[in-house]
Every structure is written in C-alpha cells, then in structure tokens.
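In: below: sequence and its predicted model.
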Amino acid sequence: MAKAAMNDLLKKRMTASQQASELQTSDQAYEKLFREAPPPGEVQIRSLPLDKLVPFFTADIGFRPYSPTQLQAFAEQLNEEGLLVRIIVRPTTPKGSYEILAGHNRANAAKLAGWDVIPTEIVEADDARAIVIATSTNLIQRQNLSVVERGKAYRALLDAKNRHGQWYIDRDDETFGENRQKFDAAEKEVLLERGRQRYNARKLVAEFFGVTEYEIRKAVKLTLLIPPLQDILETSPKRLNLACADLMADYDMASQEAFIEICSIEGYQINKAAMQHIVRKCPPPTADRQAVYAAWREVRDAAEKRMMAPPKKISFNRKRFAPYLEGLGSDQEIEALFLEFLRERTKNV
C-alpha cells in the first residue's frame, strides 16, 4: 500500500476513534455521576447547515472560545485537512435548529473557512446528558482551561446531579395528626438525602476527572465572582491572584464592585495581607463600598510608611571590611569607631 494511502487510512481510524471517544467519555461520566446509563436514543450522522446551529444555552459552562488568531489557524487547517471529528448536537426549539453540545470552536472555524454545512452527530439527550457531554469532553481534552472555566463546568455538573436526584413531596396530602407526623419524617429524610447528594456529587466528579474535592470547591467558589473580576483573574493574574480572589468571592455582587477599581490600578497588585485587613474591617457577605476603600487605603498608607521609614539596623558585608577590622576589638568598639567617624564627617560637610 502506498504511503499516502496508508496515512489516509490511519487518519480515518484515528478520526473514528476520536469521534467514538467523545460520546463514550461523556457516557462514562454520566454513568459515574448519575449511577445509571444515559437514556437510550438514536444517534444520527448528518451534515447540517451552520446557520441552523446555536451555541450551548442549557447551562453556563463557562468555556471561552478560541482567540481570533487560534480560530484563523484552525480554519486554515479545516480547509487543508477537512473536519477530523464531527461536532455533537441535539435538536432544540424552534424546530429545525440544533444546540451544539461539543464542537463550538469547530463550528466557528468552519464558518470562518467559508463552509455552509458541517458534519454532525445528532443525539437525543435530556438536559442532564447534554450538560455532561458539553462539559466532560472539554474538561478532559482542553488542558489550558482557566480555574474559572473549570469551576463553571464543575458547577454545571453538580447542579445537574442535584436536580437529577431531587426528591419531591406531594404537599396536597398534608393533614393533621398521624399523617402530619409521617409528612414531617419524610421531609426530614428528603433534606438529609439532599445533603448526601451534594456531598456525593462532588466526590463523584472529583473521582472521574482525577482532581480533589478541595480543587472543585475552590474552583466553584470563584464562579461567584462578578464577571469583571473573573476577567481580571483570567487575563491579568498579576493584578488579582487566586488567594485574593477567593476572599473576594465571599462578598455579594454589589460589594464586589468595590474591588474592580482596586484591582485596576496600574502597577499595583492587591495582596493577601491587604485582603485579610479588608475582611477584618468589612466582614462579608455585605460591605459598604466606601468602607472597603477606606480599609484598603489604611493598608496602602501603612505600607508606604514602612517604605519611607529608615531601617532599624544597618548591616555590612563583613568580608569586604575584614582587612581593616583585624585588631579593632569587639563589635561594640567597631560601632563606636564608626559613629565617631560619622560625627567628624558631618562636621566637615
């Protein structure tokens, strides 16, 4: 077999493997999280018009699209090699449109390349399975995801798990006496079960994606930041580090507005000590904006005073003075000699 033909065969096999792995991986994640196989449904392979596709809207999964430079390079690759892995979509309303579950960058690059249609796999998926498909492939394949992107994906998975396992009580049957006692006991059990579900969901997600529950908690907490602070954290980490962002996330959305200006000062980076001072002065979750500024200025003023203050102790490199120190006695005698020299020096100035 010619080398070119062999390369084409290997590429087709690799493509088939990659295509199978996207759905296989998401189904494995679904089984791990929900402890059951995804609902059975027909999978259709068809080329769809790009103008019939809509971005994923079922949940905020947080993934940022490729930059214009990355997208242009991808579009050129598509025109040279074609699409190696079909995108995954599901039918949605209005009838005739499709929600992209996996492959937003592929679809955007295809549009940029001038394509009218794109190869797709059409799956029947409820919201829970749609969220798993949309998040799991990205969490596994895209290693450069930011902590906020990962946090939003984890949060979407945890919310889907909690909704999927939610227990309901028919309050229409609520009466008095024995029936009321039974109702209270059932409601208590539901609350306990929901608490267990939240814990188990985080544990299951951590096990499947090979991370710790602590990492998931921290990443999910950062999704509580308002969008401007998320942008600063992701695009300018020198202005806002993770430790400070974690403390800011304890505040409500209105209170977080105060930190936007603090983090936007050119040449300044808020540090953990400053944030801890603000937290002590203005405990979360709610804080007055002017009070936050005042606490921050206290830290800045104290830091500037420390920088302006003369050093408490002067030190010298003893090796450089060694040839002159022999026979001069103790450190106290050397200090006295140096002070005398400075006094004489000052007189002559």
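Out: Yep, it's here. Residues are numbered from 1 along each chain as shown.
In: tell me where this structure has helices.
Out: 3-34, 68-81, 104-112, 127-141, 147-164, 178-209, 213-222, 227-235, 242-248, 253-263, 272-281, 289-308, 318-325, 331-348 (DSSP state H).
In: avg pLDDT for the last one?
Out: Throughout helix 331-348, pLDDT has a mean value of 76.
In: likewise for the fourth one?
Out: When pLDDT is averaged along helix 127-141, the result is 90.
In: residue 113 versus residue 82, what's the distance?
Out: Remark: distance between residue 82 and residue 113 (Cβ to Cβ, to the nearest Å) = 10 Å. C-beta: built from backbone N, CA, C; applies to glycine.
In: now residue 130
Out: Applying Cβ to Cβ to residue 130 and residue 113 gives a distance of 26 Å.
In: and the two? which has more neighbours close in?
Out: Between residue 130 and residue 113, residue 130 has the larger neighbour count (other Cβ atoms under 10 Å), namely 24 against 18.
In: that one contacts residue 91, correct?
Out: No. Contact criterion Cβ atoms under 8 Å: residue 130 and residue 91 do not qualify, at 11.0 Å.
In: could you tell me which residues touch both of these two?
Out: Listed as contacting both residue 130 and residue 91 by Cβ atoms under 8 Å, 6 or more residues apart in numbering are residue 99.
In: quick check: which ranges of this structure have low pLDDT?
Out: Scanning the chain for pLDDT under 70 picks out 1-20, 94, 165-199, 309-314, 327-328, 346-349.
In: apply 80 and report the result again.
Out: Low-confidence segments of the chain, defined by pLDDT under 80: 1-21, 41, 93-95, 141-143, 164-200, 266-268, 303-335, 338, 342-349.
In: ok, the residue nearest to the spatial centre of it to residue 227 distance?
Out: In the chain, the C-alpha nearest the mean C-alpha coordinate belongs to residue 148, at 1.7 Å (Cα atoms, centre = their mean). Applying Cβ to Cβ, the value for residue 148 to residue 227 is 10 Å.
In: can you get me a residue count around the residue nearest to residue 156 when sequence neighbours are not counted?
Out: Spatially, and ignoring its direct neighbours in sequence, residue 156 is nearest to residue 59 (4.2 Å; Cβ to Cβ, 6 or more residues apart in numbering). The local packing of residue 59 (other Cβ under 10 Å) involves 18 other residues.
In: how near is residue 59 to residue 75?
Out: 28 Å.
In: dihedrals phi and psi, the residue nearest to residue 156?
Out: phi -150, psi 160 (degrees, to the nearest 10).
In: that one against residue 160, yeah?
Out: Yes. Counting by Cβ under 8 Å, residue 160 is a contact partner of residue 59 at 7.3 Å.
In: which residues are in contact with both of those two?
Out: Common neighbours of residue 59 and residue 160, using Cβ under 8 Å, 6+ apart, are 127, 131.
In: Throw the helices of the chain into a markdown table and include distance to residue 42, thanks.
Out: Shown next, in a markdown table, are the helices of the chain (distance: least, Cβ to Cβ, whole Å):
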| stretch | distance to residue 42 |
| --- | --- |
| helix 3-34 | 13 |
| helix 68-81 | 28 |
| helix 104-112 | 22 |
| helix 127-141 | 14 |
| helix 147-164 | 22 |
| helix 178-209 | 26 |
| helix 213-222 | 34 |
| helix 227-235 | 39 |
| helix 242-248 | 44 |
| helix 253-263 | 43 |
| helix 272-281 | 53 |
| helix 289-308 | 55 |
| helix 318-325 | 81 |
| helix 331-348 | 88 |
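In: tell me which of those sits nearest to residue 120.
Out: helix 104-112 (9.1 Å; Cβ to Cβ).
In: between helix 68-81 and that closest one, find me the angle.
Out: Interaxial angle of helix 104-112 relative to helix 68-81 (axes from the mean of the first three to the mean of the last three Cα atoms, to 10 degrees): 70 degrees.
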